[in-house]
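*Asks:* Pasting the sequence and the predicted model now:
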Amino acid sequence: MNCPSCLTIGAKLSCDIRGNGPQSLLFIHGFAASSVTWDEIAPHFPHDRYRLYLLDLKGSGRSDKPRDNAYSPEDQALMVLDVIEGFGLRNITLIGHSLGGGIALLAWHKAKATGRSALISRLVLIDAAAYQQPFPRFFRWLRQPVLGWFLLTMIPLRLMVRYNLTHVYQQPAQVTPARITRYMDCFRGTGTIAALLATARQVDRLTATPYHGLVDVPTLIIWGQHDRVVRLGNGQRLHQEIQGSGLVILACGHNPHEEETAACAAAILEFLEGSND
């Protein structure tokens, strides 16, 4: 079953819902991506055991892209909690990649602080943007008011996406025509450019950073050994700070769910089944 659904929570948010299982998993994509980033890994989750919610964050994919400048990680985390409540979910597993991992952590902290701990029971953090760090070159360019707009409007889209993916994936062979096309779509649509630039300028506001050690739900951390975007040291630090967390290191770059799909899915499934014991 593949059922795109929408919720209106200040903005209309799109969520691709798959499966009918009793365990709910909410997937949160990273920067300049959308729910399509999970297309390769989603089929690995048995639909009779899991119900997948593949969310398009505000400003991405099929979700609204208002010019309200409310695109900080904290803004997105609060909307994630509203999505969980809007679908009437409890004890959900948040699975976040890159910026989506940072948003997942923030969502857990916000739920805890507002008496809504029952919403989130587990975290899976994939190459998560959990700490403030030096930005990659392209990201630094996007944060510049004039240069960012120029790059996203004047550079041929296919060329720009190919450049980015070459930095994201470990092996050049991973930059396939299908993946280039997939991520080109993430830069299209009315309001997309403004939303991307607003996100880039606010992404350093990771207010949960001092509180990672307070996370008290089962947590799995997955990292690409050769990640050049968010270095492995960040994952190792996060593993040390979150007591009882698991750490799986895969031989890939920044996108384990695409570069090492089977191994990434196996690690998540083992974690989900183990934390049910």
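*Replies:* Done, it's in.
*Asks:* all strands for the stretch 151-277 of the chain, in order.
*Replies:* Using DSSP state E, counting those that start in this stretch, the strands found in the stretch 151-277 of the chain span residues 219-224, 246-250.
*Asks:* what's the answer for the stretch 1-150 of the chain, then?
*Replies:* Secondary structure of the stretch 1-150 of the chain (DSSP E, counting those that start in this stretch): strands at 2-9, 11-18, 23-28, 50-55, 92-97, 120-126.
*Asks:* rewinding a little: export the strands of the stretch 151-277 of the chain to JSON lines and tack on distance to residue 66, mean pLDDT and mean neighbour count?
*Replies:* C-beta here means a position set from N, CA and C on the backbone, and glycine is covered the same way. Rendered in JSON lines, the data for the strands of the stretch 151-277 of the chain read as follows (distance: least, C-beta to C-beta, whole Å; pLDDT from 0 to 100; neighbours: other C-beta atoms under 10 Å):
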{"stretch": "strand 219-224", "distance to residue 66": "32", "mean pLDDT": "99", "mean neighbour count": "26"}
{"stretch": "strand 246-250", "distance to residue 66": "37", "mean pLDDT": "99", "mean neighbour count": "19"}
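*Asks:* wait, residue 172 sits on residue 165?
*Replies:* No: using C-beta atoms under 8 Å, residue 172 is not in contact with residue 165; the gap is 9.3 Å.
*Asks:* So between those two, which is more surrounded?
*Replies:* Of the pair residue 172 and residue 165, residue 165 is the one with more neighbours under other C-beta atoms under 10 Å, namely 21 against 9.
*Asks:* which regions of the stretch 101-250 of the chain sit below the pLDDT cut-off?
*Replies:* 205-209 (pLDDT under 70).
*Asks:* ranges for the helices of this protein?
*Replies:* 73-86, 99-113, 137-142, 145-154, 157-168, 177-184, 192-202, 232-241, 256-259, 261-274 (DSSP state H).
*Asks:* I'd like to know which of these lies nearest to residue 129.
*Replies:* Nearest to residue 129 among these is helix 99-113 (4.0 Å), distances taken as C-beta to C-beta.
*Asks:* other SSEs contacting that closest one?
*Replies:* In terms of contacts (3 or more C-beta pairs under 8 Å, 6 or more residues apart in numbering; DSSP states H and E), helix 99-113 is packed against strand 23-28, helix 73-86, strand 92-97, strand 120-126.
*Asks:* count of neighbours near residue 103?
*Replies:* With other C-beta under 10 Å as criterion, residue 103 counts 31.
*Asks:* Adjust the sequence numbering to begin at 46 for everything that follows.
*Replies:* Okay, residue one is now 46; in that scheme the one you just asked about reads as residue 148.
*Asks:* That one: what's it in contact with?
*Replies:* 73, 102, 118, 121, 122, 125, 141 (C-beta atoms under 8 Å, 6 or more residues apart in numbering).
*Asks:* again, only this time at 6 Å
*Replies:* 73, 118, 121, 122, 141 (C-beta atoms under 6 Å, 6 or more residues apart in numbering).
*Asks:* Then residue 162?
*Replies:* residue 156.
*Asks:* got it, and residue 167?
*Replies:* Applying C-beta under 6 Å, 6+ apart, the residues near residue 167 are 138, 262, 263, 320.
*Asks:* Right, I'll call it a day here.
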